[in-house]
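structure, please.
(one chain, ligands or ions: 2)
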Amino acid sequence: WFLEQMNPDSAAYNIAMAVQLNGPLNLDVLQRSLNEIVQRHEVLRTAFVVTNDQAGQVVMPHAPLPLPLVDLQHLPAAERTAEAKRLGTQAALRPFDLSRGPLLRALALRLDPERHVVVVVVHHIAADGWSIGILTRDLAQLYAAFAAGRPSPLPPLSIQYADYAYWQRQSAQSERQGQLAYWARRLAGPLPSLDLPTDHPRPPVLSTRGRRRPFPLDRVLMDELEQFSRREGVTLYMTLLAAFNTLLYRYTRQEDILVGSPVAGRQQSETENLVGFFINNLVLRTDLSGDPSFRDLLQRVRAVTLEAFDNQHVSFDKLVEVLQPERDLSRPPFFQVLFSLQNMKVEDLTLEGVIMETFRLDTDTTRFDLTLEIWDRPQGWLIDAEFCTDLFEEATIQRMMGHYVTLLHAILADPDCAIAALPLLTPTERRQLLHGWNATQKEYPRHLPVHRLFEAQAAAQPGATAVACAGARISYGDLNSRANQLARHLRSLDAGAETLVGIYMDRSIDMIVALLAVHKAGGAYLPLDPAFPNERLAFMLADSQTQLLLAQAHLEEQLPPHQAHVIYIDRNWPQIAAEDAANLADEVPYDPERLAYLLYTSGSTGRPKGVQVSQRALVNFLLSMQEAPGLRCEDILLSVTTLSFDIAGLEIFLPLITGAQIELVSHAVAADGAALLAVLQSCGATAMQATPATWRLLISAGWNGSPQLKILCGGEAMPGELAAQLLPRCAELWNMYGPTETTIWSTVYLVKTADGIMPIGRPIANTQVYILDSAQQPLPVGVAGELYIGGDGVARGYLNRPELTAEKFVSDPFVGGSARMYRTGDLARYRPDGNLDFLGRIDHQVKIRGYRIELG
Ligand code: AMP
Ligand code: MG
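Numbering: from 1, shown residues only. Ligands and ions are numbered 1, 2, ... in the order given. Next up is the predicted model:
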């Protein structure tokens, strides 16, 4: 015979069943029962032989089947179960010799005189899940009869597996051609692979390392789902599958989803009692596009399933052979996840006088990314989830199953809800994501602007150096006096609260004087880096209608076109120095919403937009930074960043409100690795902030490290390689993340080890972060979505751009009231420990790491 189902390639693994038997066990009777089973089901005695160059299968005569007994009683009682698991797993994995048969082996393990574990292993080529049920049932009946001295009570089998295979081969060719054509149509075109978010990057060649874990399902829930299905005119299987599709859609945002699902393949009643491989995996391709409700989806799934069942006679192997899906060793063909419902009642093995309990063997193998088997067991419903450990951590699968259960409940509550809007998170998760990890509330002096915090330091230690720049120094006292004089001069020119003052100056002590003076006058500054193209600066000046400009005399010739009154801080100093040097009183009562600076960001497209940052946001930010990464008055911070990049605000104001020292370098030095390295080594810096590019510049210039240095690195992603280079070169390494719109940095992370991508950490004080889907619902840990930022750092908005402001600064539904949050356009996800991973920018069309988000 040639049994078509029995293809050694497709079924090259074993299936095993293991039970623990509690009570007096008659091993002799058990062995006779097993022998009867092997005798009864010819398929278990089949051998694969090659004769006359033809491969075939031969049913071998029955040879007595041994039942070896391994006594584990010599081991300490506590170790026996583990050893039984180990030996059982070993037996389950040991290959069969297909050229000889039999294809079943059994093993008994004695834990103590009244406790045994019996393991029965069958090559998958000769059995499927259904067969295990038959084996169990047959075994129980035979054992009972033989124990009582009776003959086998089992009625003879009317056909054997070979008869079925023969029938299969004879069955109408035309029908099978038609089915093949159906599948060719269904699976036409480039097939999407399902990109579930993984814990580990997908290796180029996926191994079969896997793990299997049970998750109990509530019986009441399952009963209700059964009733719901009946009312909807579908089967429970269809409902559970539609819910699984919903889960996959929500995890991936993919709308064309392929799931594998086994069919029993036992459509003739004669096959019902046969051990054998009848199962076939169907490819169920569901279209989830068009924002369907769950009810809509259920009807789609129903149609997909019914059609697939009607065309189930083409074996999966045949499909692969004929349709030849693109070969990719990192993924199984056609589908990466498998779904099955086993609601054929599996009876437990009951042996006379012996109590049986399931004994789980975990063979630690899998063929798919994820397999969901839902079982109706005598002990209750459960999900058996098997997952590829190359890709997933167990905790991730555990969370995912929690989301599946949440979905099932939500579907019952509101089947007309859009699948995109069904709740996913368990209440505990939701609390943790929205509130637990966002519990950053911290008191800070909301009633004080930044310059008052600086004035406190100037009063406390007037003689300490505030700024050093190219050999020159200025003390806190002198810096404060000069800033006061310039502030009075600005006020005399009508500067006050909300007045914008452009800063067109080289990096110098005068620039610091200017920044403080603007705040002291009550105004806000607009940085205009002379190194920037004039066109761009002219745009900023015009867009912001800036009326006052602080500049230096040597830059007069290159000033961009403007309408402003220009004060040359050096040339006009004699006049400015005539002003009083004492601190200024508030002109109008201080409002924390007062503008601190206007900063233009280019954005990826369109014209630059001016971000309006308030004093409150800046003060909250600075005080949070004082704690972490942390700065103390002994510190020297080496400042390299252009004022036109908001992070310069940290480099200037953080030392000044702390009583620390700024070592300011020029634009030219900051851009020259060797020159920068020389300053870094000579100035005794204990802190420095820069982008990855600048750190690389220093490393290329031969920097071996500064053991006392605290590194703040941010502005773009920190790759593991850079972290690995920086870690040994410094005292502390921090990854800093944040858009200008939420004030300099919004999350920080202390880097400890350099493997993989560096997280961007957790929100700073009084800051909330959310990972949301396109319906602005929170996404679970591990699932990528858009990063939103709320809290005290959120900017006032874009200057003169109400539509854009409304689009990007939206109300924060998780805090309520007038709270707003900013849509960053960044793709991120939570790690299980609450740290965030930055994954890239969200793009309308492009797929980023397998994740697609529709904006708007
Ligand atoms: P900007 O508004 O110019 O400060 O740019 C902010 C953007 O820079 C963020 O939205 C991120 O896309 C990116 N970014 C800033 N810091 C980091 C970081 N540490 N890791 C990854 N991306 C970052
Ligand atoms: Mg930023």
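
partner strands of the worst-scoring helix or strand of the chain on mean pLDDT, parallel or antiparallel?
Ranked by mean pLDDT, DSSP states H and E, the weakest helix or strand in the chain is strand 355-358, scoring a mean of 75. Strand 355-358 pairs in its sheet with strand 14-22 (antiparallel), by DSSP bridges.

in the helix or strand that the strand it pairs with is followed by, what counts as buried?
Moving toward the C-terminus from strand 14-22, the first helix or strand encountered (DSSP states H and E) is helix 27-40. By 16 or more other CB atoms under 10 Å, the buried positions in helix 27-40 come out as 29, 30, 31, 32, 33, 34, 35, 36, 37, 38, 40. Heads up, the C-betas are built off the backbone N, CA and C, glycines and all.

can you list these in TSV and add distance to residue 842 and pLDDT?
Below are those laid out as TSV (distance: CB to CB, whole Å; pLDDT from 0 to 100):
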residue	distance to residue 842	pLDDT
29	66	95
30	62	94
31	64	96
32	67	96
33	62	95
34	60	96
35	64	97
36	64	96
37	59	96
38	60	96
40	61	95
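
check the residues you listed against ligand 1, which are close?
Counting by CB under 6 Å from any ligand atom, nothing from the buried residues of helix 27-40 sits close to ligand 1.

residue 775: which of these is nearest?
residue 37 (54.7 Å; CB to CB).

surely the closest one meets residue 140?
No: using CB atoms under 8 Å, residue 37 is not in contact with residue 140; the gap is 11.1 Å.

in terms of pLDDT, where does the closest residue in space to residue 512 that isn't next to it in sequence sit?
Residue nearest to residue 512 in three dimensions, not counting chain neighbours: residue 467, with 5.3 Å by CB to CB, 6 or more residues apart in numbering. The model reports residue 467 with a pLDDT of 98.

the one 4 residues further on now?
The predicted local distance difference test score for residue 471 is 94.

that one and ligand 1, how far apart?
Look at residue 471 and ligand 1: by CB to the nearest ligand atom, to the nearest Å, they are 32 Å apart.

ok, that residue - contacts?
With CB atoms under 8 Å, 6 or more residues apart in numbering as the criterion, no residue contacts residue 471.

measure it to residue 369 for me?
In this view, residue 471 and residue 369 are 62 Å apart by CB to CB, to the nearest Å.

I figured residue 200 was touching residue 396, is that so?
No: when contacts are counted by CB under 8 Å, residue 200 is not listed as touching residue 396 (10.1 Å).

how about residue 673, nearest residue that isn't a chain neighbour?
residue 701 (3.2 Å).

give me the phi and psi angles of the one you found.
Note on residue 701: backbone dihedrals following degrees, to the nearest 10 are phi -80, psi 0.

which residues of the protein score low on pLDDT?
1-12, 172, 344-349, 603-605, 843-856 (pLDDT under 70).

tell me which parts of it are close to ligand 1?
Residues of the chain that fall close to ligand 1, judged by CB under 6 Å from any ligand atom: 601, 646, 714-718, 735-737, 739-740, 760, 824, 826, 838, 841.

mind listing which of these are in helices?
With helices identified by DSSP state H, none of the entries of these belong to them.

ok, residue 200 and residue 396, which is more surrounded?
residue 396 (20 against 12; other CB atoms under 10 Å).

in the helix or strand encompassing the more buried one, what counts as buried?
According to DSSP H and E, residue 396 maps onto helix 394-413. Judged by neighbour count (16+ other CB under 10 Å), helix 394-413 contains these buried residues: 396-397, 399-408, 410-411.

reformat those as TSV; add distance to residue 290.
Shown next, in TSV, are the buried residues of helix 394-413 (distance: CB to CB, whole Å):
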residue	distance to residue 290
396	29
397	30
399	28
400	25
401	28
402	28
403	23
404	23
405	26
406	24
407	19
408	23
410	20
411	18
